[in-house]
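Participant: Got a predicted structure here, sequence first:
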Amino acid sequence: MNRKAIVTTAFLLVGMAGAAFAQDSAAAAAATAAGYKYIAAALAVGLACIAGGMAVGRIGAAAMGAMSENAELSGKALPFVGLAEGICLWGFLVSLLIILL
């Protein structure tokens, strides 16, 4: 079984869990909507942090290589690392808005 089929099956099982254990259709709809809200918030944070980590890793490696040749470049590399870490912050803010609204 390929990775895409496994991920799709996992999302379907998680999404249908609220509907399977609900007593009536109104409760099932509310439970499913609440479940999707938390799944969306978790995906927003998770994917943003994974992407931010990959960006910081690549930028940090390049910055270390540049600083090994010229030590004066350390101040110029730090803002780029901060921009990459900002990706994680935006993911957190999006998930907070998803949960609160």
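Facilitator: Cool, got the structure.

Participant: Which secondary structure element is home to residue 92?
Facilitator: If you go by DSSP states H and E, residue 92 is part of helix 74-100.

Participant: go on, residue 66?
Facilitator: Taking DSSP H and E as the definition, residue 66 sits inside helix 25-69.

Participant: now that helix and helix 74-100, what's the angle there?
Facilitator: Counting by axes from the mean of the first three to the mean of the last three Cα atoms, to 10 degrees, helix 25-69 lies at 180 degrees to helix 74-100.

Participant: tell me what helix 25-69 is packed against?
Facilitator: Packing contacts for helix 25-69, counted by 3 or more Cβ pairs under 8 Å, 6 or more residues apart in numbering; DSSP states H and E, involve helix 3-20, helix 74-100. For glycine as for every other residue, the C-beta is placed from the backbone atoms N, C-alpha and C.

Participant: Would you mark the buried spots in the last one?
Facilitator: If you call a residue buried by 16 or more other Cβ atoms under 10 Å, then helix 74-100 has these buried ones: 77, 84, 87, 88, 91, 94, 95, 98.
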